[in-house]
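Enquirer: dropping a prediction and its sequence here:
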Amino acid sequence: MAILYSTRVTASGGRKGSIRSEDGLLALALAIPKELGGMGGATNPEQLFAGGYAACFENALLRVARQSGHRFADGDVEVVAEIGLSRNEADAFVLHASLAITMAGIDQASAEEFVRGADAICPYSNAVRGNVDVVKTVTVR
């Protein structure tokens, strides 16, 4: 299988350190969230994952809609990803995810069909499938 795109990001200092992409476009300080006993004040891996998942899923949704002959106007689609961290019965950390998808100008059945299609092609969805429970909520406004 041919790789279509690849990037490199280096982490230093763990959850209290920083990350930097090889091209320098991404350079962020990291902090342990206050909710986990840290100082907060900087981003964390869960926020980064949520942002990537939301953006990727929305793009997959727009692609599926276009392929079905529907074009959304700017602002007609919003995807909010929530990533949670907990411990399992073996005391290992595990992720939980939810996607709140809102669309305008479309009926509920079509919206749900587009979400199923997006879930099938989104790289994040494919990466977590079978490993992370993802709850999807679809709202039409």
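Expert: Good, I have the coordinates. Numbering: from 1, shown residues only.
Enquirer: next, the buried residues of stretch 75-85.
Expert: By neighbour count on 16 or more other Cβ atoms under 10 Å, the buried set for stretch 75-85 is D76, V77, V79, A81, I83. The C-beta positions use only the backbone N, C-alpha and C, and glycine is treated the same way.
Enquirer: so what are the domain limits for this structure?
Expert: Here the domain parsing of the chain from automatic domain parsing is 1-43, 45-140.
Enquirer: of those, which stretch is the most buried?
Expert: domain 45-140 (a mean of 15; mean count of other Cβ atoms under 10 Å).
Enquirer: pLDDT score for T102?
Expert: Per-residue pLDDT puts T102 at 98.
Enquirer: could you look up the SS state of it?
Expert: strand (DSSP: H, G, I helix; E, B strand; the rest coil).
Enquirer: nearest to Y124 among the buried residues of stretch 75-85?
Expert: A81 (8.5 Å; Cβ to Cβ).
Enquirer: just grab the bridge partners of that closest one for me.
Expert: L99 (DSSP bridges).
Enquirer: pretty sure it contacts G51?
Expert: Yes. In this structure, A81 is within contact of G51 by Cβ atoms under 8 Å, at 7.3 Å.
Enquirer: in the protein, which spans are helices?
Expert: 45-67, 108-121, 123-128 (DSSP state H).
Enquirer: any regions of this structure where pLDDT drops low?
Expert: The chain contains no residues with pLDDT under 70.
Enquirer: grab the most central residue of the protein for me.
Expert: What sits nearest the mean C-alpha location of the chain, by Cα atoms, centre = their mean, is Y53, with 1.4 Å.
Enquirer: pretty sure it sits against L99.
Expert: Yes. Here Y53 reaches L99: they are 7.3 Å apart, a contact under Cβ under 8 Å.
Enquirer: which neighbours do those two have in common?
Expert: Listed as contacting both Y53 and L99 by Cβ atoms under 8 Å, 6 or more residues apart in numbering are A81.
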